[in-house]
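Undergrad: here's my sequence, what's the structure:
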Amino acid sequence: MPKPAWMKGKVWPKKDTNWLPYKNKFEHDIGKILKEADYESKARVVEYHIDAKYNVDFTFKHIPWLLIEAKGRFHDGSNEARKYLWVKKCNPKLEFVFIFSNLNSIAYSGLKRRKDGSYLTMGEWAAKNGFVAFTHKFMPDWLTEGKATRELFSLCLNHQRQTYGLKELTAGGLPWE
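TA: Sure, this is the predicted structure:
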């Protein structure tokens, strides 16, 4: 695409990076004023939590530790996927089973291709993050009949992790152990 007439012969100034290691020139200028202050000290990290609620798609009254989420895809991209990670982190005794419409579809929009040209799939995302996943066309009897146990969940999770070439979670590596 040709340059517009007003851009022809124009020389753009080089980006000033004199302010490094700060994120920008403004922080650099403040750092000069606050000479005794530490900048982004690793010793001073503050955690924060956001109050939010998650409405579970399906549950069994007699299996209170199991949450079942039906998903065609993550509509809000990585933000929606991250929501389930936070629910799990805040409730380590609960486990998710995802029922996806397709385990092999791309996990969410905005993903970058891997070096081999592939994308992270819904099934791989689940296994990688410690979630069990099935399709609506194949669900095991222990799930459809409401006979889930933590042992069955663990076996299924490790089988799915092996399928995607992920390390098996052993005793002590599962949230309830």
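Undergrad: tally up the residues packed near Ile99, please.
TA: Using other CB atoms under 10 Å, Ile99 has 20 neighbouring residues. In this view, the C-beta of every residue, glycine as well, is placed from N, C-alpha and C.
Undergrad: wait, is it part of a strand?
TA: Yes: applying DSSP: H, G, I helix; E, B strand; the rest coil, one finds Ile99 inside a strand.
Undergrad: which SS class is the closest residue to it other than its chain neighbours?
TA: Counting by CB to CB, 6 or more residues apart in numbering, Ala70 is the residue found nearest to Ile99 once chain neighbours are left out, at 4.8 Å. The three-state assignment at Ala70 reads strand, by three-state DSSP.
Undergrad: can I assume Ala70 is in contact with Phe96?
TA: No: between Ala70 and Phe96 there is no contact under CB atoms under 8 Å: 11.3 Å.
Undergrad: comparing the two, which shows the higher neighbour count?
TA: More crowded of Ala70 and Phe96, by other CB under 10 Å: Phe96, with 21 against 12.
Undergrad: helices of this structure, start to end?
TA: In the chain, the helices defined using DSSP state H lie at 25-33, 78-90, 122-128, 141-144, 150-163.
Undergrad: now for the ones you listed, which one comes closest to Leu103?
TA: helix 122-128 (3.3 Å; CB to CB).
Undergrad: packing partners for the closest one?
TA: Where contact means 3 or more CB pairs under 8 Å, 6 or more residues apart in numbering; DSSP states H and E, helix 122-128 is packed against strand 95-100, strand 132-135, helix 150-163.
Undergrad: now with 7 Å?
TA: When contacts are defined as 3 or more CB pairs under 7 Å, 6 or more residues apart in numbering; DSSP states H and E, helix 122-128 packs onto strand 95-100, strand 132-135.
Undergrad: and it, average pLDDT?
TA: Mean per-residue pLDDT for helix 122-128: 93.
Undergrad: buried residues in it, which are they?
TA: 122-127 (16 or more other CB atoms under 10 Å).
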